[in-house]
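Enquirer: Test case, fold it:
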Amino acid sequence: MTAKFTRNVYNVTLDPDNGGESAVQQVEHGSPATRPADPEKEHYTFEGWYIGEVEYQFTEPVTGELTLKAKWNPAVYTLTYDLSGGVFTGDAEDLTESCEYGEAVYLKETWQFSGLNAPEGMIFDCLYRRG
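Expert: Model prediction:
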């Protein structure tokens, strides 16, 4: 009689957290999971695959069931004020501003807001900055 053994196989679930379906890899005990192509999410930058707050290292051997979740950072956009023929006497750097997606855009207190041209699908909240 001869005993035959097979390695345990575990599911590694990859949750893209972008509205898409999770992918599942079946990985033998002690083997590493395969790093998939980076997912995409509109207005966000992919940071990596995480278990809780810890980034997963795809070189590590799998020893049990895992669920990895994509971590996203809001994209940062640069806004440039268009003077529409007006004259600006301040510092040129005051004509641009950076903001993260989902963040309110603050307009200069002394400027009159007459509209905002934004890429399709993007919405900005416009507030006036004091001081």
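Enquirer: Point out where the protein drops to low pLDDT.
Expert: Along the chain, the parts satisfying pLDDT under 70 run over 79-98, 102-131.
Enquirer: any idea how it splits into domains?
Expert: Listed domain ranges for the chain are 9-74, 76-128 (source: automatic domain parsing).
Enquirer: can you map out the helices along the protein?
Expert: With helices called from DSSP state H, the chain shows none.
Enquirer: all strands of it, in order?
Expert: Ranges of strands in the chain, per DSSP state E, are 9-15, 23-28, 44-51, 54-55, 66-74, 76-80, 96-100, 105-107, 126-128.
Enquirer: In TSV, list the ones you listed along with mean neighbour count.
Expert: (Each C-beta comes from the backbone N, C-alpha and C, glycine too.) Shown next, in TSV, are the strands of the chain (neighbours: other Cβ atoms under 10 Å):
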stretch	mean neighbour count
strand 9-15	16
strand 23-28	14
strand 44-51	16
strand 54-55	10
strand 66-74	17
strand 76-80	12
strand 96-100	13
strand 105-107	15
strand 126-128	11
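Enquirer: Turn the ones you listed into a markdown table, including distance to Thr2.
Expert: A markdown table is the format used below for the strands of the chain (distance: least, Cβ to Cβ, whole Å):
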| stretch | distance to Thr2 |
| --- | --- |
| strand 9-15 | 22 |
| strand 23-28 | 21 |
| strand 44-51 | 39 |
| strand 54-55 | 42 |
| strand 66-74 | 33 |
| strand 76-80 | 62 |
| strand 96-100 | 62 |
| strand 105-107 | 72 |
| strand 126-128 | 75 |
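Enquirer: Write down the beta-bridge partners of the residue nearest to Tyr50 when sequence neighbours are not counted, one by one.
Expert: Closest residue to Tyr50 apart from its sequence neighbours, by Cβ to Cβ, 6 or more residues apart in numbering: Lys71 at 4.7 Å. Bridge pairing for Lys71 (DSSP bridges) gives the partners Gly48.
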